[in-house]
Structure formats: structure tokens, C-alpha cells
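Participant: After the sequence you'll find the predicted model.
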Amino acid sequence: EINLIRLPEVDGLNLDNKFVYDIGGGKFDHHQIGGNGQRNSGIKYAAFGLVWKAFGRKFLEQKNANNIEDCFYMFDKNFVQFIDAGDNGQIKYENIDIKLVTLSDVIEGFNPNWNEDIDSDEKFKEALQIAKKIFNNKIESTIAKCDAKKFVEQAIEKSENGIMILDKFMPYQEFVLESTNPKAQNILYAVFKSNRKGYTIRAIPKELGSFANRKKFPDTWCGLRNEELQKVTGVSTATFCHNAGFICVADNFEDALKLAELAVKN
């Protein structure tokens with residue numbers, strides 16, 4: 001049961017089922033002394049997080065999402081918490097000489113400039129449309145990502161010799177890194193059909209979002225393409241190895257698997 005703030009009567013407006021957030025000291029405000037709660041991660045709740053905590057599960061039910069709890073927590077962890085952290089001043093911008101542009105900066109950019117005579121409500125409506133598109137897109141991608149979890153877990157269980165095979169590309173890194181299956185700790189490379197052409201072999205990162213990998217591809221491969229890479233590896237359809245050593249590509253599955261096996265043994 002959510003105790004909503006009773007709004008004052010306003011002529012011509014239907015205020016039934018409306019609530020106030022981010023102001024007023026109510027359930028969805030976070031400006032009180034001591035704030036309005038925080039997560040186990042240490043990130044304090046701001047207005048977005050408080051609204052998501054109250055209505056997120058119901059919203060996901062209306063979107064017919066599977067695995068409501070997984071989707072609820074993944075959306076909070078991968079989207080809401082960063083916005084809340086920024087709103088509560090918990091993001092550190094130390095030793096950085098450039099402006100880091102956040103989603104909040106993008107939305108704030110719709111405010112009228114100081115020297116413009118523009119209706120701020122109209123600018124708000126423009127910003128709202130952009131925010132809705134971003135929010136809805138993130139919701140849909142989170143639901144799709146959660147739907148991939150069972151397939152990734154199956155692939156983890158079938159993995160051998162540090163190699164995991166997926167039928168096609170799907171979000172997998174987060175599930176591999178957070179899996180409770182002991183086999184997940186030993187996976188070095190994922191092999192899957194590329195969305196473009198051929199097959200991709202991707203090194204598993206040490207941490208989500210990190211450029212450091214559990215095992216990069218051999219230095220002698222890095223930056224090579226086509227004939228040069230084929231000569232070094234002995235794999236006839238190898239076409240590309242990124243100069244940072246985290247991704248390789250071959251034209252067919254058998255050769256992609258060969259590259260992964262060679263990289264494991266190297």
C-alpha cells in the first residue's frame with residue numbers, strides 16, 4: 001500500500017491517482033535530513049529509485065516480462081542506480097580534465113538558455129519525449145537480457161576447456177561473471193555467430209565493463225587481418241583480431257573454435 005500525498009484542488013485538472021515526487025518530504029522525496037534510504041550497494045535512493053522501487057515490479061508485470069525479480073534488480077543496478085548516485089552527489093569526478101556527459105546532462109540541456117524567451121513547459125515536453133524513449137528502450141533491452149539468462153546458463157554448463165559456445169549473439173558477459181556455476185570461473189572465451197558476418201570469438205572480461213580480460217588473444221595476432229592472421233594462426237578463414245586482443249573473427253564456426261582453442265593453449 002502506497003501512501004500518496006494528497007494534492008490540492010486545482011480548477012480544471014483531475015488529480016486522482018497522481019502523486020508528488022522529489023519534493024514535499026513524502027515517500028518519493030530524498031531531500032530529508034539523512035535521505036530516504038539506501039541500497040546494499042551503498043547508493044542512496046533518489047526520486048527515480050524511490051519511484052522504481054514502488055512501481056517497478058508492477059510496471060514489469062504490465063510489460064509481460066518474465067523473471068520479474070531479475071528484471072527489477074537488473075534495471076535498478078544497470079540504469080537507475082547511476083542516476084540516483086548522480087542526484088545524490090555520490091559520483092566522484094576526480095582527476096578528470098574533461099566533462100563527462102551523463103543522461104542527466106542530456107535532459108538538462110533541454111532547459112531554455114538564459115537569453116531565450118521560450119516557454120519552459122514546452123521544452124519540458126520535448127525533454128519528456130526523449131526521456132520516455134530512452135526509458136522504454138532500456139526497459140525492453142533489460143527484459144530481453146533477462147530472457148537470455150537461461151540460455152547462457154545452459155551454455156556455461158556445456159562449456160569445455162575454457163570455451164563457451166552460444167548459438168547466436170546474446171547478452172552473456174554479466175551472467176558469466178555473476179554465475180554461481182563453478183564452470184563459469186574457467187571460461188576464457190565465448191564463441192557465437194556474428195550479427196554481421198562469420199563467427200566471433202570474444203575474450204571474457206575480468207569485470208563487467210573492464211578492458212582487462214581473463215586471457216587476451218596472443219600478442220602476435222593483435223591487429224592482424226586476413227592473410228596475415230591466417231599465416232600466423234594457421235586458420236584458413238581467420239579474418240580479424242582486434243589490436244587490443246579481446247576479439248577475433250573467422251568465416252565459419254569450425255575455424256572460430258580453432259582460434260579459441262589455440263588462444264587457450266597459447
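Facilitator: Happy to help now that I have it.
Participant: got the contact list for the residue nearest to the spatial centre of the chain?
Facilitator: Central residue of the chain (C-alpha atoms, centre = their mean): Asn78, 5.0 Å from the mean position. Applying C-beta atoms under 8 Å, 6 or more residues apart in numbering to Asn78 gives the contacts Thr142. Quick note: C-beta positions are derived from backbone N, CA and C, even for glycine.
Participant: any idea how far it lies from Tyr93?
Facilitator: For Asn78, the distance to Tyr93 under the criterion C-beta to C-beta, to the nearest Å works out to 21 Å.
Participant: coming back round to it: can I assume the residue nearest to the centre of the chain sits in a helix?
Facilitator: Yes. Secondary structure assignment (DSSP: H, G, I helix; E, B strand; the rest coil) places Asn78 inside a helix.
Participant: Could you pull out the helices in the protein for me?
Facilitator: For the chain, the helices defined by DSSP state H cover 47-62, 68-75, 81-87, 103-108, 120-158, 173-178, 226-233, 253-265.
Participant: Residues in contact with the third one: which ones?
Facilitator: Taking contacts as C-beta under 8 Å, 6+ apart, the residues outside helix 81-87 that touch it are 30, 39, 41, 43-49, 90-91, 102-104.
Participant: now these: which count as buried?
Facilitator: With burial judged by 16 or more other C-beta atoms under 10 Å, the buried subset of the contacts of helix 81-87 is 30, 39, 43-49, 103.
Participant: returning to that earlier point: out of the helices of the chain, which gets nearest to Lys215?
Facilitator: Between Lys215 and the helices of the chain, the tightest spacing by C-beta to C-beta is seen for helix 253-265, at 7.0 Å.
Participant: Tell me what angle that closest one forms with helix 226-233.
Facilitator: Here the directions of helix 253-265 and helix 226-233 differ by 50 degrees (axes from the mean of the first three to the mean of the last three C-alpha atoms, to 10 degrees).
Participant: helices or strands up against helix 253-265?
Facilitator: Using 3 or more C-beta pairs under 8 Å, 6 or more residues apart in numbering; DSSP states H and E as the contact criterion, the secondary-structure elements in contact with helix 253-265 are strand 163-165, strand 189-193, strand 199-203, helix 226-233, strand 247-250.
Participant: In that helix, which residues are buried?
Facilitator: Judged by neighbour count using 16+ other C-beta under 10 Å, the buried positions of helix 253-265 are 255-263.
Participant: Poorly predicted segments of the stretch 1-150 of the chain, please.
Facilitator: Screening the stretch 1-150 of the chain residue by residue with the criterion pLDDT under 70, one finds the ranges 1-16.
Participant: quick one: the residue nearest to Ala256 when sequence neighbours are not counted from Phe169, how far?
Facilitator: Distances taken as C-beta to C-beta, 6 or more residues apart in numbering put Tyr199 closest to Ala256, at 3.6 Å, once the chain neighbours are dropped. Computed as C-beta to C-beta, the Tyr199 to Phe169 distance reads 10 Å.
Participant: list the residues that contact both of these two?
Facilitator: 192-193.
Participant: burial of the nearest residue to Phe151 once chain neighbours are set aside, as a residue count?
Facilitator: For Phe151, ignoring the flanking residues on the chain, the nearest one in space by C-beta to C-beta, 6+ apart is Met170 at 6.3 Å. Using other C-beta atoms under 10 Å, Met170 has 17 neighbouring residues.
Participant: Same check on Gly42?
Facilitator: Here the neighbour count serves as a burial measure; for Gly42 (other C-beta under 10 Å) it reads 9.
Participant: and what of the one 10 residues further on?
Facilitator: Counted by other C-beta under 10 Å, the residues lying close to Trp52 total 20.
Participant: can you check Val249 too?
Facilitator: Val249 - counted by other C-beta under 10 Å - has 23 other residues nearby.
Participant: I'd like to know how far it sits from His242.
Facilitator: Using C-beta to C-beta, one gets 9 Å for the distance from Val249 to His242.
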